[in-house]
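> Please find the sequence and the predicted model below.
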Amino acid sequence: MAENNTKGININLLNTFFIAVTAFVFCFILLFSQNVNNRFHAVKNAIDKFIICEQSSKTIKECANNLTEYARLFVVNHDVKFALAYLEEISVTKSQENALKDLQKVCSEKDLAFQRLKIALTQAESLTNMELYAIRLGYEVIGTENMPERISKIELRSSDRALNRNELQELAVKNLFGDGYLIYKMRINENCNLTVAAIEDQIKEELNINAEELGENIDRLRLLFLVLLIVNVMVFIALAFLVLLPLKRFQGSIKNDQKLVVIGSKEFKDLAQSYNEIYEIKEKNTQSLLEKAEYDALTGILNRRAFDQICKTSTEKRTSIALLLIDMDNFKHINDTYGHAGGDTALKELARILTETFRKDDYIARIGGDEFAAILKDFKPDSVDKIVSKIGEVNEELAKLDEKFQIKPVSVSVGAAYSSTGFSTQLYKNADKALYAVKEAGRRGCRVYDESMG
């Protein structure tokens with residue numbers, strides 16, 4: 001078998017290329033997806049940071065306002081429950097300290113928001129000291145019995161010890177409603193507001209940066225998915241034209257016992273060429289077998305098996321034909337006189353002369369030792385005389401064998417019959433009757449069957 005040097009697309013290399021491209025694209029998709037995920041978390045953390053900072057600032061401001069409210073209510077109304085509520089807040093609840101701790105979880109000490117909130121808390125502590133001193137003065141006004149330990153530890157200034165209750169009351173009210181106290185309150189609120197503003201600016205900057213990178217990465221992902229789509233379409237087209245279409249064509253060719261069309265990938269072209277080479281070898285072998293099965297080995301014309309098949313086909317098609325049964329006269333004498341070589345020569349020459357005398361479309365067959373037959377296709381009844389004339393030509397040619405091969409005498413007897421409905425057993429019998437009539441009349445001639453022959 002010849003070596004295949006087929007040109008074409010190698011499906012294995014193409015498959016490796018598509019796998020490599022797909023893997024390469026997926027790597028970038030994973031990379032950009034991770035970046036998108038990181039940016040998403042960055043945005044989420046920035047928003048969480050803003051919420052915590054805003055909440056912490058709000059808590060410190062609200063806590064400061066609540067403490068001021070408790071202290072003022074105690075000093076004005078002398079209701080100790082407000083003083084106790086104040087002490088519970090700064091000693092137990094500690095909302096301001098907890099707010100600062102929450103802020104430390106999301107901010108570093110270098111963050112401007114953290115620094116401003118820490119200043120606000122320091123100011124709140126100063127304000128708390130002023131409020132505690134005012135509460136201490138309030139207890140001096142109402143009496144020091146049942147004074148909380150935290151309050152009792154606060155020492156009065158020496159100048160305040162000499163004041164009477166009314167003066168102490170005025171001093172306590174002045175400490176909580178005076179300009180100095182209000183300035184501290186305003187600074188606390190300002191720093192809390194500045195904290196929120198600072199964190200807003202920081203968050204906006206982070207959001208803008210992350211949003212821009214997020215958008216760029218999303219665009220890159222869209223492009224990569226488009227590339228994947230194009231690769232998938234290319235894979236589908238390659239699969240269709242290089243694999244599926246050839247397979248479909250191959251299936252049809254094999255079903256119809258035909259050669260394969262050399263199409264598709266290099267592998268399929270190689271396969272088609274290999275199959276075609278095997279197909280040609282098979283055809284040659286089949287043809288050789290057919291020739292052996294259908295052609296006579298000695299004369300090269302059709303044999304009895306092929307003759308019977310032609311008769312069967314003619315019966316099925318029911319076309320008009322003429323059947324000629326041809327016998328070589330005195331064949332035994334020829335064999336006895338000239339040997340088998342001479343007899344074989346006579347048979348081969350008869351086959352040649354019959355083939356040359358009749359049309360190419362007519363069938364000439366050797367159906368026995370010295371028996372031949374001819375089937376004349378599409379025969380018309382008015383051409384009967386032509387059969388007799390042609391047999392005369394055959395006998396004239398056979399007579400020349402004496403000059404060429406020194407074989408004599410050689411002649412044929414022929415019986416013919418016509419049918420408008422194809423071959424039948426009756427047609428054969430009629431031709432045989434006509435042949436018998438020729439032999440009875442002395443051989444070397446031709447008769448066409450008529451009803452007078454019985």
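Good, I have the coordinates. Here the structure is a predicted model, which means the values were calculated and not measured.

> and the host helix or strand of Leu245, how far out from the chain's middle?
Taking DSSP states H and E as the criterion, Leu245 maps to helix 245-255. From the chain centre to the centre of helix 245-255 is a distance of 21 Å (C-alpha atoms, centre = their mean, to the nearest Å).

> who's in contact with that helix?
Here helix 245-255 makes contact (C-beta atoms under 8 Å, 6 or more residues apart in numbering) with 259-261, 263-265, 268, 272, 275. Every C-beta, even on glycine, is put in place using the N, C-alpha and C of the backbone.

> And the residues you listed, which of them are buried?
Neighbour-count burial (16 or more other C-beta atoms under 10 Å) applied to the contacts of helix 245-255 gives 259-260, 264-265, 268, 272, 275.

> What is the most widely separated pair among the residues you listed?
Lys259 and Ser265 (18.5 Å; C-beta to C-beta).

> part of a helix, is Ser413?
No - with DSSP: H, G, I helix; E, B strand; the rest coil as the criterion, Ser413 is strand rather than part of a helix.

> Skipping adjacent residues, who's closest to it in space?
The shortest distance from Ser413 to any non-neighbouring residue, by C-beta to C-beta, 6 or more residues apart in numbering, is to Val438 (4.3 Å).

> before we move on, the earlier item: what's the closest of the contacts of helix 245-255 to Asn189?
Looking across the contacts of helix 245-255 and measuring by C-beta to C-beta, the closest to Asn189 is Ser265, at 78.8 Å.

> gap between the closest one and Gln251?
As judged by C-beta to C-beta, to the nearest Å, Ser265 and Gln251 stand 16 Å apart.

> do Asn65 as well
Counting by C-beta to C-beta - Asn65 and Gln251 are separated by 88 Å.

> got the residue ranges for the strands in the stretch 351-454 of the chain?
Applying DSSP state E, counting those that start in this stretch to the stretch 351-454 of the chain gives strands spanning 363-366, 371-377, 412-419, 445-448.

> Would you convert those strands into CSV that also reports mean neighbour count and distance to Ile353?
Output for the strands of the stretch 351-454 of the chain, formatted as CSV (neighbours: other C-beta atoms under 10 Å; distance: least, C-beta to C-beta, whole Å):
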stretch, mean neighbour count, distance to Ile353
strand 363-366, 24, 10
strand 371-377, 21, 10
strand 412-419, 24, 9
strand 445-448, 22, 14
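
> May I see the ones you listed arranged in CSV, with distance to Leu87 as well?
Conversion of these to CSV gives the following (distance: least, C-beta to C-beta, whole Å):
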stretch, distance to Leu87
strand 363-366, 132
strand 371-377, 131
strand 412-419, 136
strand 445-448, 147
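
> Same list (those strands) but as CSV, adding distance to Lys433 and mean pLDDT.
Formatted as CSV, the strands of the stretch 351-454 of the chain follow (distance: least, C-beta to C-beta, whole Å; pLDDT from 0 to 100):
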stretch, distance to Lys433, mean pLDDT
strand 363-366, 20, 95
strand 371-377, 15, 94
strand 412-419, 7, 94
strand 445-448, 9, 93
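
> between those strands, which one is nearest to Ile188?
Of these, the one closest to Ile188 (C-beta to C-beta) turns out to be strand 371-377, at 123.2 Å.

> CA-only coordinates of the closest one in CSV, if you can.
Taking Å, rounded to 0.1, in the frame of the first residue of the first chain, the C-alpha atoms of strand 371-377 are listed here in CSV:
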residue,chain,number,x,y,z
GLU,A,371,-22.5,-25.4,-27.9
PHE,A,372,-22.8,-21.6,-28.2
ALA,A,373,-25.7,-19.2,-27.8
ALA,A,374,-26.5,-15.7,-28.8
ILE,A,375,-29.1,-13.3,-27.4
LEU,A,376,-29.9,-10.4,-29.7
LYS,A,377,-31.4,-7.5,-27.8
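
> Out of the buried ones among the contacts of helix 245-255, which sit inside helices?
268, 272, 275 (DSSP state H).

> and the helix or strand harbouring Ile334 with strand 371-377, angle?
In the assignment (DSSP H and E), Ile334 maps to helix 331-357. With axes from the mean of the first three to the mean of the last three C-alpha atoms, to 10 degrees as the basis, helix 331-357 and strand 371-377 are set at 20 degrees to each other.

> Measure how helix 331-357 sits relative to strand 412-419, angle-wise.
Going by the same axes, to 10 degrees, helix 331-357 makes 50 degrees with strand 412-419.

> So for helix 331-357, mean pLDDT?
Averaged over helix 331-357, pLDDT sits at 90.

> Which of the residues in that helix are classified as buried?
By 16+ other C-beta under 10 Å, the buried positions in helix 331-357 come out as 331, 334-335, 338, 342-343, 345-351, 353-354, 357.

> you'd agree the residue nearest to Ser413 is up against Ser411?
No - using C-beta atoms under 8 Å as the test, Val438 is too far from Ser411 to be in contact (10.6 Å).

> what's the overlap in contacts for the two?
Counting by C-beta under 8 Å, 6+ apart, nothing touches both Val438 and Ser411.

> now Tyr363: how far from Leu324?
10 Å.

> what touches both of the two?
In contact with both Tyr363 and Leu324: 374-375, using C-beta under 8 Å, 6+ apart.

> which residue lies farthest from the center of this structure?
Ala162 (98.3 Å; C-alpha atoms, centre = their mean).

> I'd like to know how far that one sits from Leu156.
10 Å.

> can you check Asp336 too?
Taken as C-beta to C-beta, the span from Asp336 to Leu156 is 170 Å.

> what's the burial count for Leu223?
13 (other C-beta atoms under 10 Å).

> May I ask which helix or strand encompasses it?
Applying DSSP H and E, one finds Leu223 within helix 179-239.

> now for that helix, which elements pack on it?
Secondary-structure packing of helix 179-239 (3 or more C-beta pairs under 8 Å, 6 or more residues apart in numbering; DSSP states H and E): helix 11-77, helix 112-142.

> so how far is Ala134 from Arg444?
From Arg444 to Ala134 the distance is 162 Å (C-beta to C-beta).

> same question, Glu277
Glu277 is 113 Å from Ala134, by C-beta to C-beta.

> Mind checking which of these two has more residues around it?
Between Glu277 and Ala134, counted using other C-beta under 10 Å, the more crowded position is Ala134 (21 against 14).

> Please give me every residue in contact with that one.
71, 75, 172-173, 175-176.

> Now a PyMOL select for only the buried ones of the residues you listed.
Selection of the buried residues among the contacts of Ala134 in PyMOL, burial being defined by 16+ other C-beta under 10 Å:
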select buried, resi 71+75+172+173+175+176
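
> a markdown table for the contacts of Ala134, including pLDDT?
Formatted as a markdown table, those follow (pLDDT from 0 to 100):
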| residue | pLDDT |
| --- | --- |
| Ala71 | 88 |
| Val75 | 90 |
| Ala172 | 88 |
| Val173 | 90 |
| Asn175 | 87 |
| Leu176 | 88 |
